[in-house]
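K.L.:
Build me a model:
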Amino acid sequence: MLYQIEYFHPKVSAAIEAWPVDVLADYAHLIELLAEYGPNLRLPHSRAMGDGLFELRPRGRSGIGRAFYCFLVGRRVVVIHAFIKKTQQTPDKELKVARSRMKEIVHG
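P.N.:
Predicted coordinates for the structure are as follows:
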């Protein structure tokens, strides 16, 4: 049974759709793997960020994308934040946005 992929807000899916074509193609592949394997998807495709937050790790020749997501009851995955990486390390600002949105989803 597949996991259902949802987006926190239409702005999140719009941000992903604005990614370079090669990164977007890799994202499409990874989201299919996520729907199939759920929490069993691991590195190099997905990485646990702690406290129930995960990152999907699409890449292409033109850049590296990151999409943060979490799992909800009922085999649901919510993509809560996405951006294109410009530095080696994930910026704290991006991580704070993702954690804040995850709290909003989980705790209402």
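K.L.:
pLDDT score assigned to the closest residue to Ile5 other than its chain neighbours?
P.N.:
Nearest non-adjacent residue to Ile5, counting by Cβ to Cβ, 6 or more residues apart in numbering: Val77, 5.1 Å away. Where you see a C-beta, it was placed from the backbone N, CA and C, and this is true even at glycine. According to the prediction, Val77 has pLDDT 97.
K.L.:
isn't there a strand covering Val77?
P.N.:
Yes. Counting by DSSP: H, G, I helix; E, B strand; the rest coil, Val77 falls inside a strand.
K.L.:
Pretty sure it sits against Ala67.
P.N.:
No. Val77 lies out of contact with Ala67 (Cβ atoms under 8 Å); the separation is 10.4 Å.
K.L.:
more neighbours, these two?
P.N.:
Ala67 (26 against 23; other Cβ atoms under 10 Å).
K.L.:
distance of the more buried one from Val23?
P.N.:
10 Å (Cβ to Cβ, to the nearest Å).
K.L.:
intersection of neighbour lists for those two?
P.N.:
Jointly contacting Ala67 and Val23 under the rule Cβ atoms under 8 Å, 6 or more residues apart in numbering are Pro58.
K.L.:
What ranges does this protein have for its helices?
P.N.:
Using DSSP state H, the helices of the chain run over residues 10-17, 21-37, 92-107.
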